[in-house]
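K.L.:
Sequence plus the predicted model coming up.
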Amino acid sequence: MVFNFYNRLTSRQQSIYRQSDDIKHLTLKDVKCLHNESSTLETLLIEEDLVKIEMVCQTIADDIVRQIKSPRLKVQVLSVRPSDDWGELHGLYLPEDDGQPAKIQVWMRTAKNKKVVAFKSFLRTLLHELCHHIDYEHFGFPETFHTEGFYSRESSLFKQIRS
């Protein structure tokens, strides 16, 4: 499926987009540890323990990239989401830069009410940003796009972790 912005892409970008769109699933071989880690994450979000949440998010990311044989990245959990007239930023992927490893930033509190984000939304945000890393490092895409395939890969990871 092609989203509206596809027609504004260069022919090279359209090729990358179509390649991304064709990949619908990521298969993990060892999901038992991820089941446990995601359950721990759910509890820690209720307890609002930012330091432990970051540790578990790092473990989840490490387990996934290890299984698909991609480079490790750093996960940073921050408190209140940044916001502006465009809305709230849920997560951010920062590719490797000048020898510094790639980094994912996720925020655990909403901007408006400063309430802890719902567990499923938080985990999906973590996985969403991780999918950008996977696009670059596992699939070797020079750019990462929000394709239907991208969202399917995110959902496939979520379903494996939470089933």
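P.N.:
Looks like it came in fine.

K.L.:
Where does pLDDT dip in this structure?
P.N.:
For the chain, the stretches with pLDDT under 70 are 1.

K.L.:
swap the cut-off to 80 and go again
P.N.:
Scanning the chain for pLDDT under 80 picks out the ranges 1-4, 82, 85-86, 163.

K.L.:
Can you identify each of the strands in it by residue range?
P.N.:
74-80, 83-84, 87-88, 91-94, 103-109 (DSSP state E).

K.L.:
distance between the last one and the chain's centre?
P.N.:
Spelled out, that is strand 103-109. Mean-position distance between strand 103-109 and its chain equals 10 Å (C-alpha atoms, centre = their mean, to the nearest Å).

K.L.:
which strands and helices sit next to it?
P.N.:
helix 50-67, strand 74-80, strand 91-94, helix 119-137 (3 or more C-beta pairs under 8 Å, 6 or more residues apart in numbering; DSSP states H and E). C-beta coordinates here come from the backbone N, C-alpha and C atoms, glycine included.

K.L.:
Taking strand 74-80 as reference, get the angle to that strand.
P.N.:
Orientation check (axes from the mean of the first three to the mean of the last three C-alpha atoms, to 10 degrees): strand 103-109 against strand 74-80 gives 30 degrees.
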